[in-house]
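A.B. asks: The following comprises the amino acid sequence and a computationally predicted model.
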Amino acid sequence: MKLRTLATAALMAAAALGSSLALAQAKPAAAAAAKEQFFPLLSYRTGAYGPNGTPWANGKQDYLKMVNARDGGINGVKITFEECETGYDTARGVECYERLKSRPGVTLFEPQSTGITFALTDKVINDKIPLMTLGYGLSVAQDGLAFKWNFPLMGSYWTGADILIQHLAKKEGGWDKLKGKKIALVYHDSPFGKEPIPLLQERAKMHGFDLPLIPVTAPGLEQKAAWLQVRQARPDYVLLWGWGVMNSTALKEAQATGYPRDKMYGVWWAGAEPDAKDVGDGAKGYNALALNGTGTSYKAIQDVLTLVHGKGQGTGPKDEVGSVLYNRGAMMAMLGVEAVRRAQERFGKGKVMTPDQVRWGMENLNLDDKRLAALGFTGMLRPLSTSCADHMGSTWARVHVWDGSKWGQLSDWYQADDQIIKPMVKAGSEKYLADKKLSRRDVKDCQS
């Protein structure tokens, strides 16, 4: 009996020791997990929009890898991420969101699609997770007192449309010269393509130009009927609100119908290398908005080349680094990282930030020239400063021109006209709140 008792005691002691060791090993693992800031990355590398979605996604991943390699994360908090393929499909985007939203250390979502943004806007109110929609999404979401969780940083389709009309007025020699002109909108027949219409209609009323609206069914491979309408309307200018394969198809159809490419102006999602490179000289003279700078001369991009691609850890091919959409992806990732860093200044450096804390960081960004220089982004974007009321922070863009092989010949910076846009944003946000039976944020909530 004694031997059996001793054996039993020994087994119990061993089990207890094993349990203690397991707990000891689990604690560091849990501590390590608690020090990770998770970035869910919705992407689309497949389908008609894959050629544009891929460099955008690669730029985001490479920047996050670079911050881990260069800085050890965000004040010691390691960055982790996971991609979820949406195929630019709204239902799949919602599925990705639902699958990733509960991951420990989740930061924010960047839907990479206006349609997915529309679908998630009501969800994030209950889930309390911020949405970054840089240069896309809901134009009225600039109003942070109505849209607590949406951040259309750096511009919306209303600001982009306004800047294009400003540019055309300057080209014509003044606002009065637009009277009697015909400016056609060839647009992706989706929430994305329809977003600029209210602003363009407002400008048309103000300045007396005609605005033919010509929709293109997604994905945009078939546009002969649309360009027959262009040929019949004979507009002075065509605004192209396309994405992915729609853009290169539009340029080819313009060439086939003889419409001058130097009379065509695209939104910033219709002004990247995949949009024009296959058309080559046939797209020469085509203009598009430039939301960010291109090239590899920026210090942050040099760091990516050295610390990520230089170690064979690049997400995609090295020769895409510096392209329009790659740099935009890196810029987006930087803004997400800086939102976490800003939140840490208030809630604790070296801590993992909750989505609500990141939301506070996003609406308290202050990226002045000095900070952009420190981050290695001087010249890629204008200074940006958000607030509780203003979730956009900057409304500047330029126009660049396709020379037959690359983008170049940048215009001066333009700023969207707040006197036109702000009343539209206020009216739109009030309607949204009324429709959803929601209340405008109290000023006290801005400090929460």
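C.D. replies: That came in fine, so what should we check first?
A.B. asks: before we move on, what SS does the spatially most central residue of the chain have?
C.D. replies: A centroid search over the chain (CA atoms, centre = their mean) returns Leu134, at 3.4 Å, as the residue closest to the centre. Using DSSP: H, G, I helix; E, B strand; the rest coil, the structure places Leu134 in coil.
A.B. asks: Wait, it touches Leu335, no?
C.D. replies: Yes: using CB atoms under 8 Å, Leu134 makes contact with Leu335 at a distance of 6.9 Å. Just so you know, the C-beta spots here come from the backbone N, C-alpha and C atoms, and that holds for glycine as well.
A.B. asks: Need the residues touching each of those two.
C.D. replies: The contact sets of Leu134 and Leu335 overlap at Leu153 (CB atoms under 8 Å, 6 or more residues apart in numbering).
A.B. asks: show me where this structure has strands.
C.D. replies: Counting by DSSP state E, the chain has strands at residues 36-43, 78-85, 131-132, 150-151, 183-188, 213-216, 237-241, 264-266, 287-290, 366-367, 384-385, 396-402, 407-408, 414-415.
A.B. asks: Now mean pLDDT and mean neighbour count too, for the ones you listed, in a markdown table please.
C.D. replies: Shown next, in a markdown table, are those (pLDDT from 0 to 100; neighbours: other CB atoms under 10 Å):
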| stretch | mean pLDDT | mean neighbour count |
| --- | --- | --- |
| strand 36-43 | 98 | 21 |
| strand 78-85 | 98 | 18 |
| strand 131-132 | 98 | 25 |
| strand 150-151 | 98 | 26 |
| strand 183-188 | 98 | 25 |
| strand 213-216 | 98 | 19 |
| strand 237-241 | 98 | 26 |
| strand 264-266 | 98 | 25 |
| strand 287-290 | 98 | 24 |
| strand 366-367 | 98 | 18 |
| strand 384-385 | 98 | 16 |
| strand 396-402 | 98 | 23 |
| strand 407-408 | 95 | 16 |
| strand 414-415 | 98 | 18 |
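A.B. asks: Out of the ones you listed, which is closest to Tyr432?
C.D. replies: strand 150-151 (10.4 Å; CB to CB).
A.B. asks: coming back round to it: would you turn the strands of the chain into a markdown table with distance to Arg441?
C.D. replies: Output for the strands of the chain, formatted as a markdown table (distance: least, CB to CB, whole Å):
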| stretch | distance to Arg441 |
| --- | --- |
| strand 36-43 | 25 |
| strand 78-85 | 30 |
| strand 131-132 | 16 |
| strand 150-151 | 12 |
| strand 183-188 | 32 |
| strand 213-216 | 35 |
| strand 237-241 | 31 |
| strand 264-266 | 35 |
| strand 287-290 | 31 |
| strand 366-367 | 20 |
| strand 384-385 | 19 |
| strand 396-402 | 26 |
| strand 407-408 | 40 |
| strand 414-415 | 26 |
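A.B. asks: can you give me the helices in the stretch 1-150 of the chain?
C.D. replies: Per DSSP state H, counting those that start in this stretch, the stretch 1-150 of the chain carries helices over the ranges 2-34, 50-71, 90-100, 114-127.
A.B. asks: ugh, wrong one, the stretch 151-300 of the chain
C.D. replies: When assigned using DSSP H, counting those that start in this stretch, the helices of the stretch 151-300 of the chain occupy the ranges 157-172, 191-194, 197-207, 224-233, 245-257, 273-276, 299-307.
A.B. asks: Reformat those helices as CSV; add mean pLDDT and distance to Pro104.
C.D. replies: Formatted as CSV, the helices of the stretch 151-300 of the chain follow (pLDDT from 0 to 100; distance: least, CB to CB, whole Å):
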stretch, mean pLDDT, distance to Pro104
helix 157-172, 98, 35
helix 191-194, 95, 32
helix 197-207, 98, 41
helix 224-233, 97, 47
helix 245-257, 97, 38
helix 273-276, 97, 36
helix 299-307, 98, 26
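A.B. asks: would a markdown table of these with mean neighbour count and distance to Lys370 be doable?
C.D. replies: Formatted as a markdown table, the helices of the stretch 151-300 of the chain follow (neighbours: other CB atoms under 10 Å; distance: least, CB to CB, whole Å):
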| stretch | mean neighbour count | distance to Lys370 |
| --- | --- | --- |
| helix 157-172 | 23 | 25 |
| helix 191-194 | 21 | 35 |
| helix 197-207 | 18 | 33 |
| helix 224-233 | 15 | 47 |
| helix 245-257 | 22 | 37 |
| helix 273-276 | 24 | 31 |
| helix 299-307 | 19 | 14 |
